[in-house]
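J.: Based on what follows, work out the 3D shape:
(2 chains)
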Protein chains: 2
Amino acid sequence: MLRRRRVYAKKAIPLTTGTGLELMSTLPMIMSRRLRPSPFEQRVIENGASAFTLYNKMTLPLVYESYEKEYEHLCEHVQIWDVACERQVEIVGPDALQLVELITPRDISSCAIGQCKYAPLCDENGGIINDPIILRLAEDRFWLSIADSDVNLWVKGIAYGRGFDVKVFEPDVSPLAIQGPKADDLMADVVGEHTRDIRFFWFIDETIVGTPVKIARSGWSGKGGFEVYLQDAAKGNDLWDIFWEAGQKYNLKPGAPNLIERIETGLKSYGQDMTIENNPFEASMDNYIDLDKKAEFMSRDALMQVAETGPAKRLVNIVIDGEELALMRTDWRVLDEAGEQVGTVTSRTYSPHMRANIGMAMVKPSFASPGTVVMVDADGDICRATVRDAKWQ
Amino acid sequence: MLRRRRVYAKKAIPLTTGTGLELMSTLPMIMSRRLRPSPFEQRVIENGASAFTLYNKMTLPLVYESYEKEYEHLCEHVQIWDVACERQVEIVGPDALQLVELITPRDISSCAIGQCKYAPLCDENGGIINDPIILRLAEDRFWLSIADSDVNLWVKGIAYGRGFDVKVFEPDVSPLAIQGPKADDLMADVVGEHTRDIRFFWFIDETIVGTPVKIARSGWSGKGGFEVYLQDAAKGNDLWDIFWEAGQKYNLKPGAPNLIERIETGLKSYGQDMTIENNPFEASMDNYIDLDKKAEFMSRDALMQVAETGPAKRLVNIVIDGEELALMRTDWRVLDEAGEQVGTVTSRTYSPHMRANIGMAMVKPSFASPGTVVMVDADGDICRATVRDAKWQ
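T.: Sure, this is the predicted structure:
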């Protein structure tokens, strides 16, 4: 019943280019000074990274051997990830809190110094601009640790337009992630036993390899660990090396934000699962919206309206039946039984652990309940699929 | 005297990855829905594009066979270029002109409907945000045809902050360029003889393959030609094909914005030759600054200050002695005779036509006069170099 039309190579990393008649899953990119190298890129290359993406105009290694192998390793050991592309937008000055409150529907007044908050940034239409982790460094100083969109320019524009007394800029800060179940042991060896006490989404200031860093218990996986915010790009190799050497006894390997793990865990990718065209209710980010917060925020009217009428779509988990599907670059349509489009698949992968094609889809609310059966048009393959809840039930 | 240390492969497109100990000149990039395909990508792949870059999160093919071959062909014939990554920011509404004036030091009041103006966009510090071509579509409607930075978010922020009555968004518009000395003949065949009368930096409205387009006499080369603004991404193949077929008699080939040609011609690349850290005087864009323009513009105070004290740096042409140099991803330092840094090389290539390494450099004003001799530290190669004027004299 499933018509198999392989538009892309079956495996994630074909690295074939320039010969096909269809969109390629991997393309060779000429680097230049316009595209910034990560401070960790030399180590990443030495350790055999085989494919990258560009994220905030910086290289982000995605794969060394394969998604599958790195997924299995991440679940059991500890990995070192170059996530320097998670750039920071620093907002500092007397009006910093007022400005941060203005750009997100989440209540930031309760964010303590040393604490992190995940928050959607929303424009006056309720559209999502980004979904950073906000770090409060001081009463009047924040870092927005951003996903892939130029928050710096947007916030600069707002600050100028409103006449806020703040400075907004991108500081020299490059996160290195230590992720996986053995991350605590490794961090304790490198920095000290006290790092075991860092609470989830809090950070501390430390000095490693003679350079100041912030260490947060956070990261783009569900397997636990830390993000180390390097504040001097020239120290990239040194910071990598100290974790690398100490990590050998824990079977440390290089890794990356892992497509399989992040979909299983339900981590949304901005630009993929939601864009400026979506509001945070559509993106199922209800937990991060405080419509009653005291501070002014620019998306209030638009989001109040959505709350009243209900969102036009909802982002849900989805399991697609059949054998392992090809990679996805285009919009795969979600169809009802009559073949009418009721949504779009936004991310997908094959989960070896669940032995299924899993993904996320933005669907009409009437198709968003767990258990709902739909069809997916996977570049011509029409596949049966089922909506699932956050725990894949 | 020149120590030869080849950090990169000598030719522009080594396509070797994952094995070296240094920064790579080309990296394999996994594509995803976060990175947008161009509407022309299928034709680009079919025609053998061998290397790309990402520009405004969209693929931009840079090379088919080689920079050198495509350069030679561009000088004599006509080429078709996928430049869909030149995204548009549409500003429409009663306050559109006021907003456009606010963000650039160039006088836009004199821009007629149907006319284009190249203009730096500058923030309140005078920093360059982008250098688009501004198209005036109507009294109250503009497109900014942008270089690689998210002008949309910046302008949205300003418009919100100032409470302007405008809409700011990215429309479905993808330019296709027809460049080279035979572009006029080809355009006349496809659209009509009247296209020969389109003046430089003016545009007309037409319908091709049943879809509305704007045709401007503009483009990112000094060899003449047009940019065709497609307004329906689904018509990418059709638009490509009609020029492709009609172009065969003119020896049409696929091409791209060409590194050699653009440096020879003096076309600056935003993000490479100048960034938000530079003001337009530093970028030698004096011709596009009207400090006396009547309208309010946000960079006035900062730029008046620079005009008074003189810029701290100037972007100049430079010829570097010696044999063909390696590719450049890092900052190559410009040194004086004592070995002190007096600037940075921002772009470079080997020009077969000039038989020299040519480039641009941002140097201290006292080193900006044509004929000034300096040294360049090209990743360890110390080379003699000479500052040149806009005509390479």
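J.: In the stretch 51-200 of chain A, which residue sits nearest chain B?
T.: Ranked by CB to the nearest CB, the top residue of the stretch 51-200 of chain A for proximity to chain B is residue A:161, at 1.7 Å. C-beta coordinates here come from the backbone N, C-alpha and C atoms, glycine included.
J.: And that residue, its phi and psi?
T.: Dihedral pair for residue A:161: phi -60, psi -40, per degrees, to the nearest 10.
J.: With adjacent residues omitted, what lies nearest to it?
T.: Among residues not flanking residue A:161 along the chain, residue B:161 sits closest, at 1.7 Å (CB to CB, 6 or more residues apart in numbering or on different chains).
J.: Pretty sure the one you found sits against residue A:155.
T.: No: contact criterion CB atoms under 8 Å: residue B:161 and residue A:155 do not qualify, at 10.1 Å.
J.: more neighbours, the two?
T.: Neighbour comparison, residue B:161 and residue A:155: the larger count goes to residue A:155, with 28 against 19 (by other CB atoms under 10 Å in any protein chain shown).
J.: Contacts only, for the closest residue to that one other than its chain neighbours.
T.: Computed as CB to CB, 6+ apart, the closest residue to residue A:155 that is not its neighbour in sequence is residue A:168, at 5.0 Å. The contact partners of residue A:168, by CB atoms under 8 Å, 6 or more residues apart in numbering or on different chains, come to A:89, A:90, A:91, A:99, A:152, A:155, A:156, A:159.
J.: Next: residue A:339.
T.: Contacts of residue A:339 (CB under 8 Å, 6+ apart): residue A:375.
J.: at 10 Å instead, please
T.: By CB atoms under 10 Å, 6 or more residues apart in numbering or on different chains, the contact set of residue A:339 is A:333, A:375, A:377, A:382.
J.: Buried subset of these as a ChimeraX selection?
T.: Selecting only the buried entries of those in ChimeraX, with 16 or more other CB atoms under 10 Å in any protein chain shown as the criterion:
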select /A:333,375,377
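J.: Can you tell me which of the contacts of residue A:339 is closest to chain B?
T.: residue A:333 (13.3 Å).
J.: ok, and what's touching the helix or strand that closest one falls within?
T.: In this assignment (DSSP states H and E), residue A:333 forms part of strand A:332-335. Residues from elsewhere that reach strand A:332-335 (CB under 10 Å, 6+ apart): A:316, A:318, A:320, A:325, A:339-346, A:348, A:359, A:361-364, A:367, A:374-383, A:385, A:387, B:33.
J.: average model confidence for the helix or strand that that strand is followed by?
T.: Counting by DSSP H and E, the next helix or strand C-terminal to strand A:332-335 is strand A:341-351. For strand A:341-351, the mean per-residue pLDDT is 95.
J.: mind checking how far the residue nearest to the spatial centre of chain A is from chain B?
T.: In chain A, the centroid-proximal residue (CA atoms, centre = their mean) is residue A:269; its distance is 4.6 Å. Separation of residue A:269 from chain B (CB to the nearest CB, to the nearest Å): 7 Å.
J.: I'd assumed residue A:347 was in contact with that residue.
T.: Yes: contact criterion CB atoms under 10 Å: residue A:269 and residue A:347 qualify, at 6.3 Å.
J.: how about the helices in the stretch 201-350 of chain A?
T.: Along the stretch 201-350 of chain A, the stretches classed as helices by DSSP state H, counting those that start in this stretch are A:236-247, A:259-265, A:300-309.
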